[in-house]
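Visitor: This is a predicted model, with the sequence first.
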Amino acid sequence: MDLEYQKKIDDIHNALVGNPLTNDGGLIHRVKRVEDTTTKHERFISRVKWSGGILVSLAGIIGYCVDKFIELFKSH
C-alpha cells in the first residue's frame with residue numbers, strides 16, 4: 001500500500017517538476033516558458049501600438065503642412 005502511494009507521489013512530482021532522466025522540466029518549466037512568451041508578445045504589441053500612433057500622428061502633421069504649403073502658393 002505504501003509503495004503504491006509513493007509511486008503516485010513520484011508520478012505527480014515528475015509531472016510537476018520533471019523527470020531527471022528525460023530533462024523535460026515538467027509543468028513548472030512549461031508554465032515559465034508560456035509566461036516568458038506572453039511577456040514578449042505583450043511588449044511587441046505595445047511597441048506596435050506606439051509605432052502606429054506615432055506614424056498616424058506624423059502622417060497627420062505632414063498632411064497638414066503640405067495642405068498649408070499648397071494653400072500658400074494657390075493664394076498668390
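Guide: Okay, I see it. Predicted model only: the values in this text are computed from it and were never measured.
Visitor: From residue 19, how far off is the residue nearest the centre of the chain?
Guide: To find the centre residue of the chain, average its C-alpha atoms and take the closest one (C-alpha atoms, centre = their mean): that gives residue 41, at 1.2 Å. Noted for residue 41: a distance of 29 Å to residue 19, by C-beta to C-beta, to the nearest Å. Any C-beta I mention is one placed from the backbone N, CA and C, and that applies to glycine too.
Visitor: what's next to the helix or strand of the chain with the lowest mean pLDDT, contact-wise?
Guide: For the chain, counting by mean pLDDT, DSSP states H and E, helix 2-17 ranks last in confidence among helices and strands (a mean of 86). Under the criterion C-beta atoms under 8 Å, 6 or more residues apart in numbering, residues 26, 27, 28 lie in contact with helix 2-17.
Visitor: Have a look at the protein and report its longest helix.
Guide: The residue-count maximum for a helix in the chain (DSSP state H) belongs to helix 26-75.
Visitor: name the helices or strands packed onto it?
Guide: Taking 3 or more C-beta pairs under 8 Å, 6 or more residues apart in numbering; DSSP states H and E as the contact definition, the neighbouring helices and strands of helix 26-75 are helix 2-17.
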